[in-house]
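Asks: Everything below, folded, please.
(chains A and B)
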Amino acid sequence: MKRTLTLTAAVGLLCAGSGAAMADDLTLCWAAWDPANALVELSRDFEEQSGHTMSFEFVPWPNFADRMLNELNSGGQLCDLMIGDSQWIGGSAESGHYVQLNDFFDEQGIDMADFIPATVTGYAEWPKGTPNYWALPAFGDVVGWTYRRDWFERPELQEEFMATYGHELAAPETLEELMHIAEFFQGRDIDGTTVYGASIYTERGSEGITMGVTNVLYNYGFDYGSPDDPYAIEGIVNSPGAVEGLEFYRALYECCTPPGSSDWYMSENIDAYRSGQVAMQMNFAFIWPGVNADENVGGDRSGYFPNPAGPAGHYAQLGGQGISVVSYSDSQDAALEYIAWFAQPEVQERWWEMGGYSALRAVVEDPGFADSQPYAQTFLDSMAIVKDFWAEPAYADLLLAMQDRVHNYVVAGNGTAQEALDGLVEDWVEIFEDEGLR
Amino acid sequence: MTRKSSEDRFMSETAIDRVAQATPPRVARRIRGLPDRAIAWIFIAPTIFLLLAVNIFPLVWTIRLSFTDYRVNRPNNEVEWIGLRNYERILTDSDIWKTMQATAHFLFWTIAIQVLIGFTLAWLINKKFRGSNFWTTVIVLPMMLSPAVVGNFWTFLYQPQIGLFNTVVGFFTGADPASFSMIGDVNLAPWSIVIVDTWMWTPFVMLICLAGLRSIPESIYEAAECDRASKWRQFWTITVPLVLPFLMLAVLFRGIENFKMFDLVVQLTGGGPGNTTTLTSIDLKREAFERWRTGFASAYAIILFVTVFGLASIYVKALNKVKER
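Replies: Got it, this is the predicted structure:
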């Protein structure tokens, strides 16, 4: 509490001081999605308190990385604040795109221990595992699942499912159960409409299929190198377990997804679910407030569950972003003021209320948090099992290689899972060698 | 000389006189002292400067970068001169050869089908039937749309459950529309982009062919009629040879355009499934602006440039020979 008061007072002084000195026009860059709209609303308080004005540059997800990394790499001054993807942290830190925030955090009394540990590691630290911070965790996100609770609860379906699979038709706890449910609903007639098992990530162009397939691979034993040497990936990335996991994902795609879902990512999955095409939907947690409020599938008609466990573990793909100050900005002081304001517990609390996933422990560990929204507990459970993709400066090379290999196997059906992962190992080793990492 | 043109001349002379009179005497004296060649250089210098700055310098700079390991996203890294290594890697990369094959497939079939349909449509439109102008406008509409819009629009038409394309195919073949996915199937996806490009750009070929057909003097056909040449013979000995230069021009334009095809295919398939529809331009963009391998991408761009330039030069020579016949 004492820390909160100190922080609030410091931010107040900062805002008042700067307001008297000079008002800046800050531009915040982020992806164009629902949370961004919530942030526009939330930021009005900052404008009132600080006297600064806020502008926003939002780019749709499929073009977000292209557009923003171009901006950063060219030393552009469009963005003063960047809510960049977690994978950009290594490259942005090493190339000097982001301002290191350690001193600022110390001055303002912002303690990274107050944030969910996975989000600090994922969104703020570079190198990973070291106390070098380049961002403040801004939006916690993770891949989870949405399901049609109203369909699952139909007695006739429950009975038939039990007779077929020998377990209850309920939110699955394992990937095997998930496959059963997806199979069960695939091509089924529900209220006169043919529905399908699940919509999963298969997008080719940006990061879609990687963000999807990792949710299965992690749980079958895939990992990013060994604990001793993160770049020793042979036998881990292409382990027998990982191969089995990739085969599972292809089987799920082949058996239980809507026809034509060969290039689907967040928005296509949302559309399929909201239009009543699928029984389950893989997607990042950011969509849950929208699902809950939806006229067709919202309220009690939908339920949420974390990514199910596999034979080798229980993990989910981390999403989300941290907020950074762009080093090319002429308004760095005002941008830092914004971060100090945003870090305040009461602002974080409002952030959660407005549909933003706060990563502040004071918010998510509040006793009332789990019951504050129907999906809040699932969010907490999911954030406890996250694992993230590479965040190295060469992350884009690593990602594109994985997109290529995995899509080629899962969607195009070329070769075997073993060949796909062996090829991925070859690609990644070549990239690490080019980078001088091994 | 008509009265109007003499008035025009009088007016333009007056305008030139006015400009001449407005020129400060010192400048006028200097210009008068300059040779014609120097004055010509003064006029074309801005254009040459712009060309050098916008076209030639980037090209030379790209050639230079292609021999380095430069990455634009690593400003702090030292740039190494690596000779021909980028070129060697590109030319021995089997994935890049696959994208070349995909591009060749796309180029060959789009051009072949567009020439066939475009010429047929032009021939029909040239018959001057009632409403031919209306149909010409209708046929030309697709090429007025943005390729990105067309790509996006066709993803819905190809949707297995609700797409018009699948429904129509299902209606005529009896197949279940949801049983096949044009953009999700490895065998169908290459054809899906050929179909959309054909839908969009056949009108362009048609217009060029139409211009060719309308440039043939009616008197040649009349002379052939007098010689009792059959319609078939007229077509092969008059129409085709005289339209051929136009047709070859259309092929050249479509070839160059489709070699650099990007937006439509990205919107439609994203290069997938797998790499099935990853054309060279898409692959190049990924190398340059997603992997940020600037040196490598520069070498890739130079190879593509040389290929297109070389093929186009050979083709233009052939075109000139046809025109000379």
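Asks: ok, residues contacting stretch B:110-123?
Replies: If you take C-beta atoms under 8 Å, 6 or more residues apart in numbering or on different chains as the criterion, stretch B:110-123 is touched by B:139, B:194, B:197-198, B:201-210, B:212-213, B:239, B:243, B:247, B:250-251, B:254-255, B:258. (Glycine included, C-beta is placed from N, CA and C.)
Asks: list the contacts for the closest residue to A:Ser55 other than its chain neighbours?
Replies: For A:Ser55, the nearest residue in space outside its immediate sequence neighbours is A:Thr27; the separation is 4.5 Å by C-beta to C-beta, 6 or more residues apart in numbering or on different chains. Taking C-beta under 8 Å, 6+ apart as the contact definition, A:Thr27 lies against A:54-57, A:78-81.
Asks: Just the buried ones from the residues you listed?
Replies: A:54, A:56-57, A:78-81 (16 or more other C-beta atoms under 10 Å in any protein chain shown).
Asks: Just the ones in strands from those residues, please.
Replies: By the criterion of DSSP state E, membership of the buried ones among the contacts of A:Thr27 in strands covers A:54, A:56-57, A:81.
Asks: The residue in the stretch 1-150 of chain A that chain B sits nearest to: how many residues sit nearby?
Replies: In the stretch 1-150 of chain A, the residue that lies nearest chain B is A:Asn73 (4.7 Å; C-beta to the nearest C-beta). Per other C-beta atoms under 10 Å in any protein chain shown, the neighbour tally for A:Asn73 reads 20.
Asks: same deal with B:Pro58?
Replies: When counting by other C-beta under 10 Å, one arrives at 11 neighbours for B:Pro58.
Asks: Let me know the helix or strand that it is in.
Replies: Applying DSSP states H and E as the criterion places B:Pro58 in helix B:57-65.
Asks: How about that helix and chain A, any contact?
Replies: No: for helix B:57-65, no contact with chain A is found by C-beta under 8 Å from any C-beta of the partner chain; the gap never falls below 14.6 Å.
Asks: what are the bridge partners for A:Tyr98, then?
Replies: A:Val326 (DSSP bridges).
Asks: Touching, it and A:Met82? I think so.
Replies: Yes: checked against C-beta atoms under 8 Å, the pair A:Tyr98 and A:Met82 is within contact range at 7.3 Å.
Asks: More neighbours: the two, which one.
Replies: A:Met82 (28 against 24).
Asks: got a list of what the more buried one touches?
Replies: Listed by C-beta under 8 Å, 6+ apart, the contact partners of A:Met82 are A:28-30, A:68, A:72, A:92, A:97-98, A:323-326.
Asks: ok, and the most crowded of these?
Replies: For the contacts of A:Met82, neighbours were counted by other C-beta under 10 Å; the highest total belongs to A:Ser324, with 31 neighbours.
Asks: since we're on A:Gln348, how many residues are nearby?
Replies: By the measure other C-beta under 10 Å, the count of residues near A:Gln348 is 24.
Asks: could you say which helix or strand contains it?
Replies: Secondary-structure element containing A:Gln348, defined by DSSP H and E: helix A:345-353.
Asks: what helices or strands is that helix leaning on?
Replies: If contacts are counted by 3 or more C-beta pairs under 8 Å, 6 or more residues apart in numbering or on different chains; DSSP states H and E, helix A:345-353 sits against helix A:2-21, helix A:34-50, helix A:332-342, helix A:361-364.
Asks: What are the buried residues along it?
Replies: Of the residues in helix A:345-353, those buried under the neighbour-count criterion (16+ other C-beta under 10 Å) are A:345, A:347-352.
Asks: closest to B:Arg71 among the residues you listed?
Replies: Each of those was checked against B:Arg71 using C-beta to C-beta; the closest is A:Trp351, at 36.3 Å.
Asks: can you pull the contacts of the closest residue to the closest one other than its chain neighbours?
Replies: Of all residues beyond its chain neighbours, the one nearest A:Trp351 is A:Ser358 (5.0 Å), with distances taken as C-beta to C-beta, 6+ apart. A:Ser358 sits next to A:140, A:348-349, A:351-352, A:364 when contact means C-beta under 8 Å, 6+ apart.
Asks: Just the pLDDT for B:Trp135.
Replies: We have a pLDDT of 88 for B:Trp135.
Asks: Please, where are all the helices along the stretch 1-150 of chain B?
Replies: Residue ranges of the helices in the stretch 1-150 of chain B, as given by DSSP state H, counting those that start in this stretch, are B:3-22, B:25-32, B:36-51, B:57-65, B:85-91, B:94-125, B:132-140, B:147-157.
Asks: could I get the shortest one in CSV with only the CA atoms?
Replies: These are the backbone C-alpha positions of helix B:85-91, laid out as CSV (Å, rounded to 0.1, in the frame of the first residue of the first chain):
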residue,chain,number,x,y,z
ARG,B,85,28.0,-16.1,-51.4
ASN,B,86,24.5,-14.7,-51.4
TYR,B,87,24.2,-15.5,-55.2
GLU,B,88,25.6,-19.0,-54.6
ARG,B,89,23.1,-19.6,-51.7
ILE,B,90,20.2,-18.4,-53.8
LEU,B,91,21.0,-20.4,-56.8
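Asks: I would like the residues contacting that helix, please.
Replies: Helix B:85-91 is contacted by residues B:66-67, B:69, B:96, B:295-296, B:298-300, B:303 when judged by C-beta under 8 Å, 6+ apart.
Asks: same thing but at 6 Å, please
Replies: Helix B:85-91 is touched from outside by B:66, B:96, B:295-296, B:299-300, with contacts defined as C-beta atoms under 6 Å, 6 or more residues apart in numbering or on different chains.
Asks: and if you look at stretch B:307-317?
Replies: By C-beta under 6 Å, 6+ apart, the residues outside stretch B:307-317 that reach it are B:252, B:259.
Asks: Can you report how many residues lie near A:His314?
Replies: Other residues lying near A:His314 total 17 when counted by other C-beta under 10 Å.
Asks: That one: what's it in contact with?
Replies: Residues in contact with A:His314 (C-beta under 6 Å, 6+ apart) are A:Ile385.
Asks: and the residue nearest to A:Trp351, helix, strand or coil?
Replies: Secondary structure of A:Ser358, reduced to three states by DSSP: H, G, I helix; E, B strand; the rest coil: coil.
Asks: now swap in A:Asn283 and tell me
Replies: Quick answer, by three-state DSSP: A:Asn283 is strand.
Asks: ok, what's across the strand from it?
Replies: For A:Asn283, the beta-bridge partners are A:Gly144 (DSSP bridges).
Asks: Next one: A:Asp228 from chain B, what distance?
Replies: Counting by C-beta to the nearest C-beta, to the nearest Å, the separation of A:Asp228 from chain B is 27 Å.
Asks: Show me the shaky parts of the chain.
Replies: With no chain named, the answer covers chain A. Low-confidence segments of chain A, defined by pLDDT under 70: A:1-21.
Asks: let's do chain B instead
Replies: Low-confidence segments of chain B (pLDDT under 70): B:1-13.
Asks: What parts of chain A come near chain B?
Replies: With the criterion set to C-beta under 6 Å from any C-beta of the partner chain, chain A comes near chain B through A:66, A:73, A:95, A:204-205, A:259-260, A:262-263, A:396-397, A:400, A:407-408, A:411-412, A:414.
Asks: which ones are touching the closest residue to chain A within the stretch 1-150 of chain B?
Replies: Taking C-beta to the nearest C-beta as the measure, the point where the stretch 1-150 of chain B comes nearest chain A is B:Asn73, at 4.7 Å. For B:Asn73, the residues meeting the contact criterion (C-beta under 6 Å, 6+ apart) are A:73, B:292.
Asks: can you tell me which two in the buried ones among the contacts of A:Thr27 are farthest apart?
Replies: Considering C-beta to C-beta, no two members of the buried ones among the contacts of A:Thr27 lie farther apart than A:Met54 and A:Leu78, which are separated by 13.8 Å.
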